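Q: Need coordinates for the below:
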Amino acid sequence: MNELAGTVLVVEDEVAMRKFLRATLSGLGMDVIEVGTRADAARAAATESPNLLLLDLGLPDGDGVDLVRSLREWCQIPIIVISARGREADKVIALDAGADDYLTKPFGVGELMARIRVALRHARAAGAGPADPVVEVGPIRIDEARHEVTVAGEVIHLTPIEFKLLARLAHHAGKVLTHRQLLRDVWGPRAADQTHYLRVHMAALRRKLERDPARPHWLVTEPGVGYRLREA
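A: Numbers count the residues shown, from 1 in each chain. Model (predicted):
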């Protein structure tokens, strides 16, 4: 099965970028719908049922972040932001609003395709039924039913918080989760600003899971934004 099969809605007001994305994506077998405004994007998302949305934030009739928030009120279409805004604050705002990933212009085609494959894979897994209680990412195996983690077959003892944090990252492997998302999901809404909680527990997880905790391979920091569990 072609991992990139499906329809992608490109929301971009720059004509040259739209042409580039259309040529790239259609050449890989995807059906492409192009729009240049927030209003047209909302309409196309509702009527065309795309499998993925590629979104520029600077639209002539409003900010793309507001479109993300409005779409998240009624649908879970994967949204990858593609924007010239490279500040950490812009990435955090878009991801917290509900975007699945954020790619800063200029970008390479290979990286774009990798991000698209991850987003589509997650969407298909979410629609396939209940989550598998066993998640494997590289040598890391998480058995949620037994509350057990192994690395290359060796049982690793985690605290309840460490286990919950790792499981959350594993269910979204390859996707960056913001500090606020992780704090809210693991500790609750009152801890949304307590970023030191994450630093302490991520350091502990790296000591237990990584071959070289000082240079982690699996538990990746997205500076100023959050963390990502690298896909195998």
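Q: how about the worst-scoring helix or strand of the chain on mean pLDDT: buried residues?
A: None of the helices or strands of the chain scores lower by mean pLDDT, DSSP states H and E than helix 109-126, at a mean of 85. In terms of neighbour count (16 or more other C-beta atoms under 10 Å), helix 109-126 has its buried residues at Leu112, Arg115, Ile116, Val118, Ala119, Leu120, Arg121, His122, Ala123. C-beta coordinates here come from the backbone N, C-alpha and C atoms, glycine included.
Q: to the chain's geometric centre, what's the distance from that helix?
A: 9 Å (C-alpha atoms, centre = their mean, to the nearest Å).
Q: CA atoms only for it, dumped as CSV, please.
A: Output of helix 109-126 as CSV, limited to C-alpha atoms (Å, rounded to 0.1, in the frame of the first residue of the first chain):
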residue,chain,number,x,y,z
VAL,A,109,11.3,17.6,0.2
GLY,A,110,12.6,14.5,2.1
GLU,A,111,11.7,16.0,5.4
LEU,A,112,8.2,17.1,4.2
MET,A,113,7.5,13.6,3.0
ALA,A,114,8.7,12.1,6.3
ARG,A,115,6.4,14.4,8.3
ILE,A,116,3.5,13.6,6.0
ARG,A,117,4.0,9.8,6.3
VAL,A,118,4.0,10.1,10.1
ALA,A,119,0.9,12.2,10.2
LEU,A,120,-1.0,9.8,7.8
ARG,A,121,0.2,6.8,9.7
HIS,A,122,-1.1,8.2,13.0
ALA,A,123,-4.4,9.1,11.5
ARG,A,124,-4.9,5.6,10.1
ALA,A,125,-3.9,4.0,13.4
ALA,A,126,-6.4,6.2,15.3
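Q: and the next element down the chain from that helix?
A: Note on helix 109-126: by DSSP states H and E, the next helix or strand toward the C-terminus is strand 134-137.
Q: mind saving the C-alpha coords of the next helix or strand after that following strand as CSV?
A: Going down the chain from strand 134-137, the next helix or strand is strand 140-143, by DSSP H and E. Provided in CSV are the C-alpha atoms of strand 140-143 (Å, rounded to 0.1, in the frame of the first residue of the first chain):
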residue,chain,number,x,y,z
ILE,A,140,11.7,0.0,23.4
ARG,A,141,8.7,-2.1,24.1
ILE,A,142,5.8,-0.7,26.2
ASP,A,143,3.2,-3.2,27.5
